[in-house]
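> whatever this is, show me its structure:
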Amino acid sequence: MPWFLYMLECADGSVYTGIAIDVAARFAQHASGTGARYTRSRKPVQVLAQFEFADRARASSAEYWVKRLTPREKRALAAGVRTLESVLPPPPPPAPETAPETAAPE
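So this is what the prediction gives:
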């Protein structure tokens, strides 16, 4: 089941970042005041962007990195000026293949 990283524009001009399976339903929760504490006092106005991930772990990792961006960088990401790949750390290199161990002669 895919997970989404989403970015909301709030009434005070700030950008909220979160993850969810259903972005529209989560936006409705934020708008009704039953979402995150942050959006209770800064009502969400619109969904700025959403990015799909294969699973919750990957979406959560992306959320970690996006939340470290400045507001200006978040808006650039939402507008497509920056790519999500430019925000995330590069994937680890593949592990080197090792030769199978051979039994020592007796």
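> element containing the most centrally placed residue in the chain, please.
Closest to where the C-alpha atoms of the chain average out (Cα atoms, centre = their mean) is residue 63, at 3.2 Å. Counting by DSSP states H and E, the element that carries residue 63 is helix 56-66.
> residue 83 versus residue 67, what's the distance?
With distances taken as Cβ to Cβ, to the nearest Å, residue 67 is found 17 Å from residue 83. Any C-beta I mention is one placed from the backbone N, CA and C, and that applies to glycine too.
> these two: which has the busier surroundings?
Neighbour count, other Cβ atoms under 10 Å: between residue 67 and residue 83, residue 67 has more, with 13 against 10.
> what sits up against stretch 84-101?
For stretch 84-101, contacts defined as Cβ atoms under 8 Å, 6 or more residues apart in numbering pick out 5, 51, 61-62, 65-66, 69, 73, 77.
> drop anything exposed from those.
Among the contacts of stretch 84-101, those buried by neighbour count (16 or more other Cβ atoms under 10 Å) are 5, 51, 62, 66, 69, 73, 77.
> so what's the fourth one up against?
Contacts of residue 66 were listed using Cβ under 8 Å, 6+ apart, and they are 5, 7, 17, 74, 77, 87.
> re the thing from before, tell me the one of the contacts of stretch 84-101 nearest residue 30?
Checking the contacts of stretch 84-101 against residue 30 with Cβ to Cβ, the nearest one is residue 5 at 14.7 Å.
> can I assume residue 31 is in contact with residue 43?
Yes. Using Cβ atoms under 8 Å, residue 31 makes contact with residue 43 at a distance of 6.8 Å.
> now the strands for the protein?
For the chain, the strands defined by DSSP state E cover 3-10, 15-20, 44-53.
> which among these is found nearest to residue 36?
Distance to residue 36, taken as Cβ to Cβ, is lowest for strand 15-20 among the strands of the chain, at 6.6 Å.
> got the CA coordinates for the closest one in CSV?
Extracted C-alpha coordinates of strand 15-20, given in CSV (Å, rounded to 0.1, in the frame of the first residue of the first chain):
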residue,chain,number,x,y,z
VAL,A,15,4.2,25.0,5.3
TYR,A,16,3.2,21.8,7.3
THR,A,17,4.7,18.5,6.2
GLY,A,18,3.3,15.1,7.1
ILE,A,19,2.7,11.5,5.8
ALA,A,20,-0.6,9.7,5.2
